[in-house]
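Novice: Have a look at this prediction, sequence included:
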Amino acid sequence: METIYFVSRRMNKARKDHLTKIANKSGFFKVTTDVREASIVISQESNREEIVEYLRKNKLITDDVTMVNDDVTKQFVDVSWFVACMKEKSLLPMEKHHKLQFKKSIEEGVSPSKKPRLDEKTRMTMYACQRTTPLVHYNQQFTDALEILEENALYRGDSNAEARALSFRRGSASLKALHHKVTHVEQLANIPYVDSTNSSKIGHCKKVIKEILEEGFSDEAEGIANSEFYKSMKIFCGIFGVGPNT
């Protein structure tokens, strides 16, 4: 069992409490409130020096404790590693992109693990008919959530239903055309209808994807999928000739 410590820097209390709760229930993590006891230090959107500075500033460690250089007793990792472990329900090996970078390395041009460089393949055309979209794609977890939101918008049938459903459908189509799995929100840059001014629901799609990356699921999509209204409408609309208005 690994003893872990969640750094509060850039991690709000509600999120930290949630991660602590699921970690303690996992059976392979034990959360400590004393960073000195931890073998793994987990943070969000930070480099290693920033974490040490934060811990010292908040008197969580003393000035004579050195953690900036390679410390064989502690691993400094991004929260994405923890989320991946919880998804697989087991301890996963720490890949290079999980480990926190040193500030010096970042300044020398080494891309930090929390901000993967944008691949040229993500610079896709705005027109779905011009994209190569495989039947089995890399981002089903995100597209499933967006498709639930799309269906729910149509089932509600309000004045903006078609426009809202279309925006979710376009965002989903863009994700299906990607030739890699999205592992960080920065990889959404320049993706049409997800990170583009052409989508009226850019903020909504991106918010859903970001939440799934961080939490492993979307509260909104899960809430809709489990609602009696959605489940009933999905059953009825699955019958030939039956739709939201009939």
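Specialist: Received it, and whenever you're ready, just let me know what you need.
Novice: going forward, measure contacts and count neighbours with C-alpha atoms only.
Specialist: Will do.
Novice: Next, give phi and psi for the closest residue to residue 236 other than its chain neighbours.
Specialist: Once flanking residues are discounted, residue 236 sits nearest to residue 242: 6.5 Å by C-alpha to C-alpha, 6 or more residues apart in numbering. With angles defined as degrees, to the nearest 10, residue 242 sits at phi -110, psi 130.
Novice: Do I have it right that residue 242 meets residue 233?
Specialist: No. In this structure residue 242 lies outside contact range of residue 233 using C-alpha atoms under 8 Å: 9.8 Å.
Novice: Mind checking which of these two has more residues around it?
Specialist: Shown here are residue 242 and residue 233; by other C-alpha atoms under 10 Å, residue 233 has more neighbours (17 against 12).
Novice: what domains does the record give for this protein?
Specialist: According to automatic domain parsing, the chain comprises the domains 2-107, 120-237.
Novice: what residue is smack in the middle of the protein?
Specialist: Compute the mean C-alpha point of the chain, and by C-alpha atoms, centre = their mean the closest residue is residue 213, 1.2 Å away.
Novice: got a list of what it touches?
Specialist: 80, 183, 184, 185 (C-alpha atoms under 8 Å, 6 or more residues apart in numbering).
Novice: what kind of secondary structure is the second one in?
Specialist: What DSSP: H, G, I helix; E, B strand; the rest coil gives for residue 183 is coil.
Novice: ok, now residue 3?
Specialist: Per three-state DSSP, residue 3 ends up strand.
Novice: Also residue 85?
Specialist: Applying three-state DSSP: residue 85 is helix.
Novice: confidence score at it?
Specialist: On the pLDDT scale, residue 85 is placed at 91.
Novice: Measure how buried the spatially closest residue to residue 24 that is not a sequence neighbour is and give me the count.
Specialist: Excluding its sequence neighbours, the residue lying closest to residue 24 (C-alpha to C-alpha, 6+ apart) is residue 30, at 5.4 Å. Neighbour count of residue 30, defined by other C-alpha under 10 Å: 17.
Novice: contacting residues for residue 30?
Specialist: 1, 2, 3, 4, 23, 24.
Novice: Checking my notes, it in a strand, right?
Specialist: Yes. Looking at residue 30 with three-state DSSP, it is inside a strand.
Novice: now it, which residues is it bridged with?
Specialist: Note on residue 30: beta-bridge partners by DSSP bridges are residue 3.
Novice: what secondary structure does residue 195 sit in?
Specialist: coil.
Novice: on that earlier part again, residue 126: which of the contacts of residue 30 is nearest?
Specialist: Relative to residue 126, the closest of those is residue 23; by C-alpha to C-alpha it sits at 41.2 Å.
Novice: what pLDDT does the closest one get?
Specialist: So residue 23 comes in at 92 (pLDDT).
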